[in-house]
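S.K.: coords please:
(one chain, ligands or ions: 1)
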Amino acid sequence: MAEVVTHDLLILGSGLAGLRAAVEASRVSDGKLNIGLVSKVQLMRSHSVCAEGGTAAMLRPEEGDSFELHAWDTVKGSDFLADQDVVELFVKEAPREILQLDHWGIPWTRREDGRIAQRPFGGHSYPRAVLAVDKTGFFEMQTLYDTLLKYGNFKRYDEFFVTAIIVEDGEFKCITGFDMGTGRFCAMRAKALNIASGGAGTLFGFTTYSQTVTGDGLAMAYRAGIPLEDMEFLQFHPTGLVPSGILITEACRGEGGYLLNNKGERFMDKYAPEKMELAPRDLISRSMITEIEAGRGFKGPSGMDFLHLDLTHLGADKINERLPLIREVCMDFVGIDPVHVAIPVRPVAHYSMGGVSTDIRGATDVKGIWASGEVACVSLHGANRLGSNSTAECLVWGRITGEETGRHAMKTEAIPNVPDDKVENERKRVFDDILKREGRENPYELKRELRELMDKHVGVFRTGEGLKTALSSIVELKKRFARTYVKDKSASYNSNLVHVLELENLLDLAEVMVAGGLAREESRGAHARRDFPKRNDEDWLKHTFAFWTPEGPRFEYGEANITTWKPVERKY
Ligand SMILES: Cc1cc2nc3c(=O)[nH]c(=O)nc-3n(C[C@H](O)[C@H](O)[C@H](O)COP(=O)(O)OP(=O)(O)OC[C@H]3O[C@@H](n4cnc5c(N)ncnc54)[C@H](O)[C@@H]3O)c2cc1C
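M.R.: Prediction:
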């Protein structure tokens, strides 16, 4: 029988969303709730520490910004798929989070007059990205964790790998998983669960994500019966460093950097004459691939042709003051100094717009389960996210779900009983089936093949033919997955086992993403179909909901919530 651990509230993930939720749940319960904070990595290794450029918020009505403008930019950026009630809530809540972090001691970068600095970001018509140099996520995480330490009511489970979310009769019961250091398997029960487990960008080979971002929470929620929403929309950031894919933040262009082709032209004047390098990411990524395909790129390794991001005209002082991390990354990883030399970049898989479907307060259809941050689809970003809106989303919905789950746990008496049979089945699945399997398929090879086919067929531009090829290959990979082996059979730090479990999650998510993209016969935001190049509002101004079935995803569709802004052609 597995050990059972009991908490009032469980938070699956200790990134920005999870930490913000933990602080809020502690605050609303006055430190009375007993919170379990679970992460498969050490807390400050959560992917959020990588966030670089900034966090969007409307702070300056007196200088020309407004809630309406931030909302309009977000809705237009989303290619009109964002739910507009969600966007309106978001823009009003985001400034509170910036000031709250300020009060908690974050070292926001300041203007000469001492006020919080903001810089331009793509698709925003006002410079509204608040920054802590180009290490914004790191400082936000540090500040939230420092604040959480004031409450003594939480227990950290670092390096604990969650394998399943167990639901019975539409209600949350427990999560299962194992301590990665010892292999000890246990069930954790609580009155509420907040899934804050981040995105799924390592579905792609060329990606900005940490290798730990493998969509586990998405796949576990899906298998537990919670629909995944709008998963076909995967953002490609225009400037991934070639060849590693490390992010070269949009703040480089916000600070005045240029994109140049091999003729030395600022080619964005053809595609977005008004916004140029500060157009939204979907548009710039398509423009870059178009330039490269037309032979106006530079020859890169293994077919990874690239363009130039030129910062040289900004001068060393500005680069050192506003983009020190970028300079360091370029020197360390490609041996160039951006003060003197242009940076080699190309579009790179960066962000999951889709996720676990929630209502406007972050609640899922399952009683007792909420989701927040990148794992969730509260439907803020629609078909294309604007840069700097994600960390803001993590803060806003971290707070909202922290409050909701905190209040729910405070007023709920009973802690659910753990369904022993289901927990035992899960233990057997992981330790008897997967761990002991002696198949012939190498899981590392399978992951390499999966990522190669996602890069090839599910990239910036897609076609029905390519998506069909990808889908049948994924189905085949899933069959081969059943014959994979785990080489290391030991209990302690078994990274082979973790890798296989993550791969299983990625395979399910790839199937949802590709099947959803194949069904969506239009181009909207980040989903650009060469065979259906136009947006089709009549048939497709709607959200995709993917439900798990043993045969693969079943899709339903639901209307996007249009409250104020009717869809129009997007011009920048
Ligand atoms: C390089 C980079 C730079 C970025 N810069 C910006 C920026 O400047 N501004 C902006 O708005 N956005 C930015 N983004 C996006 C933004 O950083 C992310 O969307 C956001 O940080 C996600 O936070 P999160 O809390 O949802 O998830 P994460 O920070 O990814 O945290 C997920 C947590 O879940 C845990 N977890 C996952 N699976 C399991 C499991 N099976 N068992 C146990 N624990 C698990 C992890 O250990 C981790 O603690 C950037 C993204 C990248 C890739």
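
S.K.: Show me what the strand or helix carrying Ala546 is packed against.
M.R.: Following DSSP states H and E, one finds Ala546 within strand 542-547. Applying 3 or more C-beta pairs under 8 Å, 6 or more residues apart in numbering; DSSP states H and E, we find strand 542-547 packed against strand 228-229, helix 495-519, strand 554-559. Placement of C-beta: from N, CA and C, glycine included.

S.K.: who are the neighbours in contact with the residue in the stretch 351-500 of the chain that the ligand sits nearest to?
M.R.: At 2.5 Å from the ligand, Gly373 is the closest residue in the stretch 351-500 of the chain, using C-beta to the nearest ligand atom. Each residue near Gly373 by C-beta atoms under 8 Å, 6 or more residues apart in numbering is listed here: Gly13, Gly15, Leu16, Ala17, Gly18, Ala196, Ser197, Gly198, Glu393, Cys394, Trp397, Gly398.

S.K.: Over to Val500?
M.R.: Ile434, Pro443, Thr484, Val486.

S.K.: Save these as TSV, and put in secondary structure and distance to Gly517 too.
M.R.: Formatted as TSV, the contacts of Val500 follow (DSSP: H, G, I helix; E, B strand; the rest coil; distance: C-beta to C-beta, whole Å):
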residue	secondary structure	distance to Gly517
Ile434	helix	29
Pro443	helix	25
Thr484	strand	26
Val486	coil	31
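
S.K.: got TSV for those residues, with distance to the ligand and neighbour count too?
M.R.: Below are these laid out as TSV (distance: C-beta to the nearest ligand atom, whole Å; neighbours: other C-beta atoms under 10 Å):
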residue	distance to the ligand	neighbour count
Ile434	14	20
Pro443	16	23
Thr484	18	22
Val486	16	19
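
S.K.: what would those look like in JSON lines with distance to Asp102?
M.R.: Supplementary listing: the contacts of Val500 in JSON lines, determined by distance: C-beta to C-beta, whole Å:
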{"residue": "Ile434", "distance to Asp102": "47"}
{"residue": "Pro443", "distance to Asp102": "46"}
{"residue": "Thr484", "distance to Asp102": "49"}
{"residue": "Val486", "distance to Asp102": "47"}
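
S.K.: hmm, back to that, hey, which of the helices and strands packed on strand 542-547 is tucked in deepest?
M.R.: strand 228-229 (a mean of 26; mean count of other C-beta atoms under 10 Å).

S.K.: which other residues reach that strand?
M.R.: In contact with strand 228-229 (C-beta under 8 Å, 6+ apart) are residues 218, 221-222, 354-357, 377, 379, 509, 512, 543-546.

S.K.: filter those residues to the buried ones?
M.R.: By neighbour count, with 16 or more other C-beta atoms under 10 Å, those hold 218, 221-222, 354-357, 377, 379, 509, 512, 543-546 as buried.

S.K.: Now for the residues you listed: which two are most distant?
M.R.: Across the buried ones among the contacts of strand 228-229, the longest distance by C-beta to C-beta is 18.3 Å; it joins Ser379 and Leu509.

S.K.: Just confirm yes or no for stretch 147-155 near the ligand.
M.R.: No: under the criterion of C-beta under 6 Å from any ligand atom, stretch 147-155 makes no contact with the ligand; the nearest approach is 13.4 Å.

S.K.: In that stretch, which residues are buried?
M.R.: For stretch 147-155, using 16+ other C-beta under 10 Å, the buried residues are Thr147, Leu148, Tyr151, Asn153, Phe154.

S.K.: How about stretch 197-216?
M.R.: Result for stretch 197-216 [16+ other C-beta under 10 Å]: buried residues 197-210, 212-216.

S.K.: Check stretch 288-304 too.
M.R.: Buried, per 16+ other C-beta under 10 Å, within stretch 288-304: Met288, Ile289, Glu291, Ile292, Arg296, Gly297, Phe298, Met304.

S.K.: for Glu3, what are its contacts?
M.R.: Applying C-beta under 8 Å, 6+ apart, we find Glu3 in contact with Arg184, Phe185, Cys186, Ala187.

S.K.: What backbone torsions are found at it?
M.R.: Backbone torsions of Glu3, given as degrees, to the nearest 10, read phi -60, psi 150.

S.K.: Could you give the bridge partners of it?
M.R.: Cys186 (DSSP bridges).

S.K.: Smallest gap between the stretch 51-200 of the chain and the ligand, at which residue?
M.R.: For the stretch 51-200 of the chain and the ligand, the shortest gap (C-beta to the nearest ligand atom) falls at Gly198, measuring 2.5 Å.

S.K.: And the pLDDT for that residue?
M.R.: Note for Gly198: predicted pLDDT of 97.

S.K.: try Glu438
M.R.: Glu438 is assigned a pLDDT of 86 by the prediction.

S.K.: ok, and the closest non-adjacent residue to it?
M.R.: Nearest non-adjacent residue to Glu438, counting by C-beta to C-beta, 6 or more residues apart in numbering: Tyr485, 5.7 Å away.

S.K.: Can you tell me the number of residues neighbouring the one you found?
M.R.: 17 (other C-beta atoms under 10 Å).

S.K.: ok, it touching Arg437?
M.R.: Yes: in terms of C-beta atoms under 8 Å, Tyr485 counts as a neighbour of Arg437; the distance is 5.6 Å.

S.K.: Asp146 touches Leu101, doesn't it?
M.R.: No: using C-beta under 8 Å, Asp146 is not in contact with Leu101, being 10.7 Å away.

S.K.: returning to what we had before: ok, the nearest residue to the residue of the stretch 351-500 of the chain closest to the ligand once chain neighbours are set aside - contacts?
M.R.: Once flanking residues are discounted, Gly373 sits nearest to Ala17: 2.6 Å by C-beta to C-beta, 6+ apart. For Ala17, the contact set (C-beta under 8 Å, 6+ apart) comprises 48, 196, 372-376, 393-395, 397-398, 401.

S.K.: And for Gln84?
M.R.: Residues near Gln84 by C-beta under 8 Å, 6+ apart: Ala71, Val75, Asn561, Ile562, Thr563, Thr564, Trp565.

S.K.: Also Ser285?
M.R.: Shown in contact with Ser285 (C-beta under 8 Å, 6+ apart): Phe236, His237, Pro238, Pro347, Val460, Ala526.

S.K.: Tell me the pLDDT of Val568.
M.R.: Predicted confidence (pLDDT) for Val568: 97.

S.K.: okay, how far is it across stretch 101-111, tip to tip?
M.R.: Criterion C-alpha to C-alpha, to the nearest Å; first-to-last residue distance in stretch 101-111 is 17 Å.

S.K.: what about the residue nearest to Ala57 when sequence neighbours are not counted, distance to Leu395?
M.R.: Excluding the flanking residues, the one nearest Ala57 by C-beta to C-beta, 6+ apart is Ala94, at 3.9 Å. As for Ala94, its distance to Leu395 is 7 Å (criterion: C-beta to C-beta, to the nearest Å).

S.K.: intersection of neighbour lists for the two?
M.R.: Counting by C-beta under 8 Å, 6+ apart, the residues touching both Ala94 and Leu395 are Thr55.

S.K.: From the neighbour counts alone, determine which of those two ranks first.
M.R.: A count of neighbours by other C-beta under 10 Å puts Leu395 above the other of Ala94 and Leu395, at 28 against 25.

S.K.: Now do that one against Glu538, distance only.
M.R.: 36 Å.

S.K.: And Tyr444, by the same measure?
M.R.: From Tyr444 to Glu538 the distance is 45 Å (C-beta to C-beta).
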